[in-house]
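> Okay, structure incoming, though there's no sequence with it:
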């Protein structure tokens, strides 16, 4: 295991082992804003789900009130009028069969992949490449759609995808460490409220088990649920 830097170890001393309020957690996190670059603020949530059960899979998307401080690279798989709509709507890469082949060969230089429903016959086989990276277009996440321009605009504005991993944990970016405290708190609060809204009906007992906030190169801070 790699050793942490002296800065990281000193920052870790400022963190309580016991969970703290969201307001206090953000205050602690902002003390770690000592680097030259603007760290992303990540949220990790351990859910009380059985990730092996398909009816307990958690997936959705939300446009956070203050965005995430990053312009996402959007790839759109479409043809004809919808391809033109994607280009005029600000997509970074647009294509159909040729683009699918490029992705199948391993190219994934984008953050979001959107596809129109009529292209899913071509897109389906890309699951092996895009699935493990969380980039596979999905109707549930809103990335399989005919409303291409609106979807591009939402992701460019800071839309965040939510999906649990195979351990039942959700990881997402909820802003930048240089956001002011109110912006971060409002983003995180909106994220958590939306997560409760998409709780699968089959999940019994406590849905959210633990919440941890961290910067890209900063220790995690546990938040009271």
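Sure thing, it's come through. Just so it is clear, the structure is predicted and the values come from calculations on it, not from any experiment. Numbering: from 1, shown residues only.
> For stretch 155-171, buried residues please.
155-156, 158-164, 168-170 (16 or more other C-beta atoms under 10 Å). (Each C-beta comes from the backbone N, C-alpha and C, glycine too.)
> What's the mean pLDDT across it?
Averaging pLDDT along stretch 155-171 yields 92.
> State the distance spanning the first to the last residue of that stretch.
Taking C-alpha to C-alpha, to the nearest Å, stretch 155-171 runs 17 Å from one end to the other.
> Now tell me what touches that stretch from outside.
42-51, 57-64, 66-72, 74, 90, 111-112, 114, 134, 141, 143, 172-174, 191, 194-195, 198 (C-beta atoms under 8 Å, 6 or more residues apart in numbering).
> List the residues that contact residue 140.
Residue 140 makes contact with 59-60, according to C-beta under 8 Å, 6+ apart.
> That one in helix, strand or coil?
With DSSP: H, G, I helix; E, B strand; the rest coil as the basis, residue 140 sits in coil.
> measure it to residue 58 for me?
As defined by C-beta to C-beta, to the nearest Å, residue 140 lies at a distance of 10 Å from residue 58.
> Helices - which of the contacts of stretch 155-171 land there?
Among these, DSSP state H puts 191, 194-195 in helices.
> where does the protein have low pLDDT?
For the chain, applying pLDDT under 70 flags the ranges 1-3.
> One more pass at 90, please.
The chain contains residues with pLDDT under 90 at 1-17, 34-37, 61, 70-72, 132-134, 140-142, 157-159, 161.
> Among the contacts of stretch 155-171, name the buried ones.
Buried among those (16+ other C-beta under 10 Å): 42-43, 45, 47, 49, 57-58, 60-62, 64, 66-69, 72, 74, 111-112, 114, 134, 141, 143, 172-174, 191, 194-195.
> need the strands for the chain, in chain order.
In the chain, the segments counted as strands under DSSP state E are 40-47, 59-63, 74-77, 93-95, 112-115, 159-163, 169-176, 208-215, 221-223.
> Fine by me, we can end here.
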